[in-house]
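[1] Just need the structure, nothing else, for what follows:
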Amino acid sequence: MERCIIVSSSTFNLSQLCPKSASILPLELPKSSSSFSRSSNANSRQIRYGFCRTVPYNSSCTRAFTTNAVLSDVPQRNQYFKVGAESTGSIPSDKLLHVIETAAKTGAQVIMDAVNKPRNITYKGLTDLVTDTDKMSEVAILDVVRKNFPDHLILGEEGGLVGDSSSDYLWCIDPLDGTTNFAHCYPSFAVSISVLYKGKPAAATVVEFVGGPKCWNTRTFTAAAGKGAFCNGEKIHASSTDMVERSLLVTGFGYEHDDAWATNIELFKEFTDVSRGVRRLGAAAVDMCHVALGIVEGYWEYRLKPWDMAAGVLIVEEAGGTVSCMDGGKFCVFDRSVLVSNGVLHAKLLERIGPATEKLKGKGIDFSLWYKPENYHTEL
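    Next up is the predicted model:
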């Protein structure tokens, strides 16, 4: 069975856009303005989810899903926009990586010292908690970054924005991703740090805590733009699984039980029915590193923040995976949704995730860029 997307417009000719049978071309999205607004031009969404495809003239088109096998009938060969920085500017990537690894391991040591001790827990919301360890880890990380790069801008989950907003470099720091898991002594949780150059990830490190009570250990994921991804110093690569029904997937849910939360509950059910399973681990950076490691094939989530995503998306991309927004559009770390995959399955995952996200937009759910530090220069 083959499927297609029909473009109803006198402006576009499908055969011109995709001249070769079964070819898949990247979607050209309008460039963001300096104020990070999304274009609402109808033409920018007439070919959705980052791809278009032609089919033989005698083929019928359908969006119906009747069996698991329908998800994997046509190989996907999409090309998506890269999220990594094209350059690291005046600072060599090796130097950035050295500092970012040192900072992450310093924060991780704070967590390791506290992992088997009683927690002092406070709340940012009804169920959104924070511990003293989150704050202590961030202080330790900031100390390392400031000693090496006193003029850089820093965005931390706990401490907010500090530093020079005119800098080309922005550090996105989650000192303890997966705080609820940490509070319960339940893996997984991690330290996640990325440094952006002009708005794009240039280097990243995630220190994941593995094991559990009485047997805690860590593994360290690193990546620099164009340099590959590594786990404990060994190069890693996303999986080559090309069928959804043979994949293991991961998602996450925020603290607000709104329409986006309800939509993802439905996506969770749908993919549970057509894949080997969907996991919910509770730490976005860890989830993305697992895609990069090749032990799961995809991860998606609404309502994330830059410190949740900035490190993980670069590590996935450098491991050969693919990153986009959940509507298939071009991703940046200031977006409100993310889909990462092994690359092979990306378009197939979007066949369900994309339409669900478009329905949320139709309800008026805000998918504009979440945050941009004032005066911070980007090339997005």
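[2] helix or strand for Lys82, which one?
    Taking DSSP states H and E as the definition, one finds Lys82 inside no helix or strand.
[3] can you pull out the helices in the stretch 201-350 of the chain?
    Across the stretch 201-350 of the chain, reading from the start of the chain, the helices by DSSP state H, counting those that start in this stretch fall at 259-274, 284-293, 306-318, 346-362.
[4] buried residues in the shortest one?
    If I follow you right, that is helix 284-293. Neighbour-count burial for helix 284-293, with 16 or more other CB atoms under 10 Å as criterion, is recorded at Ala284, Ala285, Val286, Asp287, Met288, Cys289, His290, Val291, Ala292, Leu293. Yep, even glycine has a C-beta here, placed from its N, CA and C like the rest.
[5] does the fifth one really touch Asp308, like I thought?
    Okay, so that is Met288. No - here Met288 does not reach Asp308: they are 9.2 Å apart, not a contact under CB atoms under 8 Å.
[6] Report the rounded mean pLDDT for stretch 306-325.
    Taken as a whole, stretch 306-325 has a mean pLDDT of 98.
[7] so Thr106 touches Ile141, yeah?
    Yes - counting by CB under 8 Å, a contact exists between Thr106 and Ile141, whose distance comes to 6.2 Å.
[8] Read off the pLDDT value for Pro373.
    Per-residue confidence (pLDDT) for Pro373: 82.
[9] burial of it, as a residue count?
    Burial measure for Pro373: 19 neighbouring residues, criterion other CB atoms under 10 Å.
[10] Return the residues in contact with it.
    Leu153, Leu155, Leu161, Ser165, Leu170 (CB atoms under 8 Å, 6 or more residues apart in numbering).
[11] three-state assignment of the third one?
    For Leu161, the reduced secondary structure class is strand; criterion used: DSSP: H, G, I helix; E, B strand; the rest coil.
[12] Does it touch His152 like I think?
    No - under the criterion of CB under 8 Å, Leu161 lies out of contact with His152, with a separation of 11.7 Å.
[13] before we move on, the earlier item: make JSON lines from the contacts of Pro373 and add neighbour count to it.
    Putting those into JSON lines (neighbours: other CB atoms under 10 Å) gives the following:
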{"residue": "Leu153", "neighbour count": "22"}
{"residue": "Leu155", "neighbour count": "23"}
{"residue": "Leu161", "neighbour count": "14"}
{"residue": "Ser165", "neighbour count": "13"}
{"residue": "Leu170", "neighbour count": "29"}
